[in-house]
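Novice: heads up, no residue letters with this:
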């Protein structure tokens, strides 16, 4: 399917289900696609941070993207993460994603190296030119360790390099200033601002964001669709109430015991445990080196689901 | 005046006007108090980060607080910052502030030292006991270099140590989770959540925050009062529009040339230049070591004021 | 006593002993002075980070400095820390220290505010002019959250603002480059480079540093004096062996259980526990909000002392 | 060639020369190998941070490693960097490197994800088992954003997972404590500690490190070999003098204008400009997104080379 301009709505960053032996479980990925599309999702984002993209080999990435494209079958746009350290490596992923049928790409600023804004802009421009697909800039400073600044984003919007932003920085003030400036320059009709902050969706939509890419939307896509529709209709108290419910549910990312595992392992393990408990995926395993959740942690996830009315 | 429970509304963190020779300009501080009270502010916060508290000697701090208490004359509550590295030093400021007539205190976690949450809680408890005034916890990780975690804040709310939070962390997700949990525990009627993120006030109020402590509220207190009233009345699109206008005005904090001065100097210099241009204070000087704005920077501030309809 | 130019040798940053009720224990401070002078220390540094200066009130700081000046009685130079957020506040401490008989001052870059190098230089120049005492720049980025850059240090050395550097940054590469450049400009005879990295003293001296300000030198000043003398005499293997012994002893700073206290509390508590076990000070208490060491932690400190041949 | 146990000496992390069109210049890489082996280097490290590994595609990495293995032709060990985000991806690089004839692998902790020490240990163990080659742990927190802690390193040394450490953390205190503890446990004969801090080599060797992996050793391998031999022979003043000379030369990494390029681009561009000026490689180009040095910057590099007696 072509990409709406600007892209809007709820676009869950899909988890990548694995088999007990650590292979990509394409059947479960298909079920997950149905789970979010049945709830009304407006697109899917494959191979993002929630998709454990950092933990997947190139072959696994290709398997997952192919399976997602097949399962979606053109019903909504498929965005593909092309997460790697710098330009040449990202371009290899980008070409692979284009060949597999992705509708758009999502890339971060370079990491492992230090960067200058001029280098970051050049990086995105080379990816856009090299891959021939619409490109979203992915701002996720907790993993990339730099933030995309407003000047860079406006330049990428102005010259058409980027079709939008996935903002997982958590910096709502910067997001708002960007939105105000995009409107002032008449760019909000072509450059989509999508928030990845799953606890500030009502706020981002009130500020004018076009959509949301919520990791927690794997678990409760219907909640995010309701939240989005409340906001579109101007039902802000209802939007806030739905957001509050989802904020409580979000506690499942902290189910893991951080004295023995990383926050990444706890969060991604929490999403997958929830999907497993809901019967959406066949196995809650995460990829090495992420530690698995304990039985007690899974029980905690179960209780969060029950409290949110999902079990 | 006594302190409303919970404190709510617009509580500008007052700039501390200085004379050209660097002394506290008590007359200008009085004018600033009138400027914000005439606009409908519900309280004032003296000696916060916007008040250059880090740059003032103890004598200057006392002069400023005394002048503010005198100027306010009981019309609204006066919150006094007691910003220092650790407990004994904060307690000295706290006793001085109590003697000068502050209605409440605002303290950060310890800094310069590393801290453990148990030490942070103990720190706030000792300040609360030692000073005998309601105490607000001030979360400003960009200066203190640690964030107040939810467990600490809920413990301080539960046992009555803290009357509220001034949240300048910019982390709306954490703020929302705190608000949800405070309501779940029935603590939102006694513990006030005030956002210091001047660009996310509509969002914070939509999430249930009680009020706002906006540095930019020195310059445009009427704007923040309108925003607050729109939000209270459920006029969310109007609140967002007002917030957008203020977000554009906020650019004045970047008027300074960062190749020759710090962001702190640019931001505080921008606030003071604006107040000087508006005729509220007599001199735009900031305290050492902050560099002054250049003439071009002041021109930029003037243009931002004009664009926002303030000049 | 006057200050040697350049200052060199072993200058322990003295702990500030406290009574069980939290007052400065001037008698124990006198014993600590004797402890380090008997071992051959070439100066003392009062009110540094090891002296819990961040945790002491102004009155306690004055008491401690007065007691140290009295106890030293002119036998070696007394450096006084004047640690505070910005210029005006540091100047107040500087004038107090001058009045109490300090021979030199030690100040950090501004903190709590953001800074620009031009502001940092101005800060040190105002302190030097205002206080009339030789000034050491204190580079301790783990607490101040910025590093003093080479350009700033060379400017302060060149115009005579600073009499030297206390480098606790742990960045030996930067230290070496500074030393090479100071020698190239002929400034190493007037600007003293003192390392605060107690585990890299042999390395710093081999690189040309003039002296050392080791927190662990409270506990084992004789070890650091031996290390210094080995280095001066070119006995590098012996210097390294002594440094190795001190590196093993340094483990006492980790005796505390960090699931319940901060690294600062563990380190300063470890130093004080050791001094108490050695009979140098009367009470191992640290100041609020630092948590005290447990009995098991004190046992661990005792074992480290025994293993190092000090008990 | 087999790998000496423990590995020791000077092991330059080779730059990866590129053609003007951005392909790996295998002929220049061969010249670079001769340049460092003629100077007496004891090994080479291909595809490290100095080798722009983050900027090379998988195909380019393979080309570079193959060319280096061919050029070295068994004269010294070839260490191959296998730098990627997490376990599965590193394992793919590891298998490729083994097939291409590397003698050992060099891997970092996982990045892009957050990690727990238990996950880091597991990560290294899986790589060691999966690739069947000796493995060096690469500690480079400025790029990976976590530091390898002593507990992890000692565990990896004790169970034979790691053959050594390449320490680019710059933390000489931690390095020294590790060395003391390795000797105490009798592990210093099997676990090699190599410093990547090119300005603290004399210090690291004095502390007992086995060798050095200096980026600047591309430019002046003979200098590092002299430094190493002085140290081995106990000629510490001569070692320090050589280190001082190299510290002055190191300024070439700052030749680039950081208002328009990143520190990474300036440093790697500086190394390559120097190699080009010395006639070792055919073209000074770096890979996207790194900005090239300006003509003035290249002139500055030339002057540094001249001052160091290399031109």
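Specialist: All right, it came through fine. These numbers were taken from a predicted model, which means no experiment stands behind them.
Novice: quick check on the residue in the stretch 201-311 of chain A positioned nearest to chain B: phi, psi?
Specialist: At 3.2 Å from chain B, residue A:203 is the closest residue in the stretch 201-311 of chain A, using C-beta to the nearest C-beta. Bear in mind the C-beta positions are built from the backbone N, C-alpha and C, glycine included. The phi and psi values for residue A:203, taken as degrees, to the nearest 10, are phi -60, psi -40.
Novice: three-state assignment of whichever residue of chain A sits closest to chain C?
Specialist: At 8.4 Å from chain C, residue A:259 is the closest residue in chain A, using C-beta to the nearest C-beta. Going by DSSP: H, G, I helix; E, B strand; the rest coil, the secondary structure assigned to residue A:259 is coil.
Novice: up against chain B, what does chain A have?
Specialist: In this structure, chain A approaches chain B at residues A:170-173, A:176-177, A:179-180, A:184, A:197-200, A:202-203, A:206-208, A:234, A:236-237, A:240, A:243-244, A:247-248, A:250-251, judged by C-beta under 8 Å from any C-beta of the partner chain.
Novice: if we go to 7 Å?
Specialist: The interface of chain A toward chain B, taken as C-beta under 7 Å from any C-beta of the partner chain, is made up of A:170-173, A:176-177, A:180, A:197, A:199-200, A:202-203, A:206-207, A:234, A:236-237, A:240, A:244, A:247-248.
Novice: so residue A:60 makes contact with residue A:24?
Specialist: Yes. The pair residue A:60 / residue A:24 is scored as a contact, 5.1 Å apart, by C-beta atoms under 7 Å.
Novice: report pLDDT for the residue of chain A closest to chain C.
Specialist: According to the per-residue confidence, residue A:259 scores 94 in pLDDT.
Novice: count of neighbours near the residue of the stretch 201-311 of chain A closest to chain B?
Specialist: Neighbouring residues of residue A:203 were enumerated by other C-beta atoms under 10 Å in any protein chain shown; the total is 30.
Novice: can you tell me how far the residue lying closest to it once chain neighbours are set aside is from residue C:125?
Specialist: Across the structure, with C-beta to C-beta, 6 or more residues apart in numbering or on different chains as the measure, the residue nearest residue A:203 apart from its sequence neighbours is residue B:203 (3.2 Å). Using C-beta to C-beta, to the nearest Å, one obtains 44 Å as the distance from residue B:203 to residue C:125.
Novice: got it, and residue A:248?
Specialist: On the measure of C-beta to C-beta, residue A:248 and residue C:125 end up 54 Å apart.
Novice: these two: which is more packed in?
Specialist: For residue A:248 versus residue C:125, the count of surrounding residues by other C-beta under 10 Å is larger for residue C:125: 20 against 17.
Novice: mind showing which ranges of the stretch 1-150 of chain A have poor pLDDT?
Specialist: Residues of the stretch 1-150 of chain A meeting the criterion pLDDT under 70: A:1.
Novice: do a quick rundown of the strands in it.
Specialist: Under the criterion DSSP state E, counting those that start in this stretch, the stretch 1-150 of chain A contains strands at A:9-10, A:44-46, A:78-81, A:104-108, A:135-139.
Novice: if you compare those strands, which one is most tucked away?
Specialist: For these, the stretch with the most neighbours on average is strand A:78-81, a mean of 31; neighbours defined as mean count of other C-beta atoms under 10 Å in any protein chain shown.
Novice: quick one: strands adjacent to it?
Specialist: According to DSSP bridges, strand A:78-81 forms sheet pairs with strand A:44-46 (parallel), strand A:104-108 (parallel).
Novice: kindly reformat the ones you listed as JSON lines containing distance to residue C:78.
Specialist: Conversion of the strands paired with strand A:78-81 to JSON lines gives the following (distance: least, C-beta to C-beta, whole Å):
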{"stretch": "strand A:44-46", "distance to residue C:78": "63"}
{"stretch": "strand A:104-108", "distance to residue C:78": "53"}
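Novice: quick revisit: wait, the residue of the stretch 201-311 of chain A closest to chain B sits on residue B:205?
Specialist: No. Residue A:203 is not in contact with residue B:205 according to C-beta under 7 Å; the separation is 9.9 Å.
Novice: how about the strands in the stretch 151-300 of chain A?
Specialist: A:164-167, A:192-195, A:211-212.
Novice: go ahead and name everything in contact with the second one.
Specialist: Pointing back at strand A:192-195 there. Strand A:192-195 is touched from outside by A:6-8, A:11, A:163-167, A:175, A:178-179, A:201, A:204, A:209-213, with contacts defined as C-beta atoms under 7 Å, 6 or more residues apart in numbering or on different chains.
Novice: and the helices in the stretch 51-200 of chain A?
Specialist: Across the stretch 51-200 of chain A, reading from the start of the chain, the helices by DSSP state H, counting those that start in this stretch fall at A:58-72, A:87-99, A:117-131, A:141-144, A:150-158, A:172-184.
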